[in-house]
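Peer 1: Kindly return the folded structure for what I paste below:
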Amino acid sequence: PDGRDKVVDWFYRYLKGRTDYDALPRQSPPYWGRYVFVDANRDAHQLSFAPTRAVAAMFHEWHPAVIHDLHEGIPLLLTWNGTGPYNPNLDPIVLAEFLEMSLHEVRTLTALGMPGVSTWNFGEGFGHHYLDSVAMNHNAIGRGYETFGNATAETVRRTIDESDLTREWWRPAPPPARTFAWSLRDHVNYAQTAALAALDHVAARAPEFLRGFYRKGYNSWRAGLEGTPRAFVIGQDQGDRRRVAEMVNRLRDQHIEVARARGPFTLAEGSFGAGDYVVRLDQPYRNYAVDLLLPQRFPADSPHLPYDDVSWSLPVHYGVQAAAVSDPRVADVALAPITAALAPEGAVRGGGPVFVLADQGQEALLAARVRLGAFPLEIAREPFEAGGRRYPRGSWVLPAGTGLEAALGPVARELALDFEGLEAAPAVARDAAPAPRIGVWVPWADTDSIGWLRYTLDRARVPFVYLRDEDVRAGALREKVDLVVYGQVRLDLAAQVHGIPKTWGPMPFTRTPEFPSHGVPAASDDITGGIGWAGLVELQRFVEEGGLLVTMGSGSALALEGGLVRGVRRAAAADVRTPGVELRARFAQPSHPLAHGYTAETSVFRTNLPLYDAPRRWLEAAYCTSCLDGPEDRSGVVLEWGGGEGAMVVSGGARGESALRGRPAILDLPLGRGRVVAFNFNPVHRDLNRSDHRLLWNALLNWKRLLASSRGDRVARRAAR
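Peer 2: Modelled structure (predicted):
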């Protein structure tokens, strides 16, 4: 607002004049942008946010040979190139180019008497998710710096690790001392000098860099003509044709050429239909197309661990089949280039008065429920037949109602959903599914990862109540919402409860004439203190009195380890590493509402998170050798890791993943009259794992049935007594 920067306002509000680095309060505002801040630098494949789209638009208009991305965090300046393993789809030329550039910058700054300049020893060079990756993924060079930063503009005394003082080939002149004064001016001097050195290097060798850019595009085109695969074919209707189209749109946003088959065709890999999408690989961005359309294979024996996600395969993460084609006859298939964004439509067939919708895993069902919020909806518990068609479990039945058919038309067209009219409702057990009142709790201590969930709901135009820490502390949650979603956070359990230290408060985040950028998208008179014990009690009361709490990723520690539910322990499997990888999983309860739209075996995306054992009926008791563990109670395990006898890793790379097999990936546990649904992964990760969204949407759509199961559990327990 008013052209002001939140970070600048934060400095003048809380950091100006404070020079004791170890006593600084929180060094950045809770929001930089509307949704996320640090994670906005993981958006190169998705192009979800305005800064990434702006850089991509600039690149495709000007085609610069190099894009530079400035960061801060490592003393004193590190110029990126990565340790390896490197992405196998990068042209070898680019590897040599950015190694040459980084060593030039180390040499130049060292010769100018600037110590502590290094390269190589940061990141791996396998994943290219970052802003500079707009270049790396399109035959240019992505470069960046990590410059030592104070997170304040003041001069402060800083202390670095002993390990930063050794002399290495990649750091020939280490910093001269562990403790020294460092200022914003030092930070700018290092970054500016290195950037000028890079500009000078490129200017002096402009023809070489231009030739390299041309050769990378040429090599990519030739590989598409002479190598394998030669193309990918993507069926247009794979249960959710809207999600298929959105994946194709994402490819086109990356300037990857996609066409549609003018008629049916047959190749060695199979027969395909008219209108199917074809990505021929004789094109300049062939390497990036292969990178996006094939699963990733991070070397399991690499001595260097991944820095970030190691899977970004779009078909895997969208739940879509993309057939790799090596048959050279694909070059003869008649194609019509796609020149505009795809927007498939659905239809309403038959005159009703009852309408049904087959659940084929469509991602848009939550959005559809919101659009049709004025009409009753029932969800089938079992498969059924109606109108000569077989409908899967989870399919919708919309009872007759005034204005229903007219309301279905716009929803069908917008969301590519097909509604069928019936004269009477099918004879199948059904559950009422009223539109939920959704609350999203966003803790002030970490608004970043949950911002992706807010972004996803906003994009789908699904309304929700933004719950701040103080809203949770205030209680009366059931008057506002039916369910609370608490997402992935980078906070340990204590910080999830107690938030930003109260010793820094009061710390308002409000819009004032002096600080006009603050207070957006949410405001607070004091962002310290978290929900506290009082807020945890209110969450417990909310669930016990009949609410639904859904926790995702690291947020599940609050429920499982914070004492909201009992009997679930963190597993002793410290050697498990799943750094952003797609893993196989199977439904322990295939008829559970969370399984609607999925096959019995599936795959989901998991980052490095705690791992939990299945619930046990007894608790540990001192000196009691017969009740240390007790028998497992797997009645709450909905989805478990593993499935089948094959490798667990579908895309990416993991270590110790066999320890996951059989352990819970989703738990559905009773608490009083309510339920806690705990995900051991984040089903809404950076707008990437789109095929996982329905797992969360299923919890939101079926909230009423999930809560009804708690009443059934209580009746069963009373009967057993």
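Peer 1: Would you agree residue 689 is in contact with residue 607?
Peer 2: No: using CB atoms under 8 Å as the test, residue 689 is too far from residue 607 to be in contact (10.2 Å). (C-beta placed from N, C-alpha, C; glycine too.)
Peer 1: So the two - more neighbours on which side?
Peer 2: Using other CB atoms under 10 Å as the criterion, residue 689 and residue 607 rank with residue 689 on top: 26 against 19.
Peer 1: pLDDT wise, what is that one at?
Peer 2: On pLDDT, residue 689 comes in at 98.
Peer 1: neighbours of residue 389, just the number please.
Peer 2: 11.
Peer 1: how near is it to residue 239?
Peer 2: Residue 389 sits 15 Å away from residue 239, going by CB to CB, to the nearest Å.
Peer 1: Which neighbours do residue 689 and residue 607 have in common?
Peer 2: Common contacts of residue 689 and residue 607, defined by CB atoms under 8 Å, 6 or more residues apart in numbering, comprise residue 682.
Peer 1: where exactly do the helices run in the stretch 301-450 of the chain?
Peer 2: In the stretch 301-450 of the chain, the segments counted as helices under DSSP state H, counting those that start in this stretch are 314-318, 365-371, 404-415, 448-459.
Peer 1: Kindly export the shortest one (C-alpha atoms) in CSV.
Peer 2: The C-alpha coordinates for helix 314-318 follow below in CSV (Å, rounded to 0.1, in the frame of the first residue of the first chain):
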residue,chain,number,x,y,z
LEU,A,314,4.1,-32.5,-13.3
PRO,A,315,2.3,-35.7,-14.3
VAL,A,316,3.3,-37.3,-11.0
HIS,A,317,2.1,-34.3,-9.0
TYR,A,318,-1.0,-33.7,-11.0
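Peer 1: helices and strands around it, which ones?
Peer 2: helix 241-253, helix 286-293, strand 649-651 (3 or more CB pairs under 8 Å, 6 or more residues apart in numbering; DSSP states H and E).
Peer 1: Ok, which of those comes nearest residue 104?
Peer 2: Residue 104 sits nearest to helix 286-293 of all the helices and strands packed on helix 314-318, at 25.1 Å, using CB to CB.
Peer 1: Give me the contacts around that closest one.
Peer 2: Residues contacting helix 286-293 (CB under 8 Å, 6+ apart): 45, 87, 89-91, 137-139, 220-221, 223-224, 229, 232, 251, 254, 256, 279, 281, 283, 312-315, 322, 324.
Peer 1: I'd like the average pLDDT over it.
Peer 2: So the average pLDDT for helix 286-293 ends up being 98.
Peer 1: swap in stretch 570-589?
Peer 2: Averaging pLDDT along stretch 570-589 yields 93.
Peer 1: distance between the ends of it?
Peer 2: 22 Å (CA to CA, to the nearest Å).
Peer 1: Can you give the distance of it from its chain's centre?
Peer 2: Remark: stretch 570-589 is offset 16 Å from the chain centroid, using CA atoms, centre = their mean, to the nearest Å.
Peer 1: can you pull the buried residues of it?
Peer 2: Neighbour-count burial for stretch 570-589 flags 571, 573, 576, 578-589 (criterion: 16 or more other CB atoms under 10 Å).
Peer 1: re earlier: need the winner for burial among the helices of the stretch 301-450 of the chain.
Peer 2: The highest mean neighbour count among the helices of the stretch 301-450 of the chain, using mean count of other CB atoms under 10 Å, belongs to helix 314-318: a mean of 23.
Peer 1: Run through who's touching that helix.
Peer 2: 45, 234, 243-244, 246-247, 250-251, 292-293, 295, 311, 320-322, 582, 603, 605, 650-651, 688-692.
Peer 1: now swap in stretch 464-483 and tell me
Peer 2: 436-444, 454, 457, 484-485, 499, 521-522, 524, 526-527, 529-532, 534-535, 538-539, 541-542, 545-550, 699-700, 703.
Peer 1: now swap in stretch 178-189 and tell me
Peer 2: Here stretch 178-189 has contacts from 72, 76, 114, 147-150, 152-162, 164-165, using CB under 8 Å, 6+ apart.
Peer 1: Let me see the contact set for residue 327.
Peer 2: 230, 267-269.
Peer 1: what's the closest of the residues you listed to residue 59?
Peer 2: So of these, ranked by how close each gets to residue 59 (CB to CB), first place is residue 230, at 26.7 Å.
Peer 1: pLDDT score for the closest one?
Peer 2: 98.
Peer 1: so who does it touch?
Peer 2: 224, 280-282, 325-328, 330-331.
Peer 1: backbone phi and psi for it, please?
Peer 2: phi -100, psi -20 (degrees, to the nearest 10).
Peer 1: Neighbours of residue 429, how many?
Peer 2: Residue 429 has 10 nearby residues by other CB under 10 Å.
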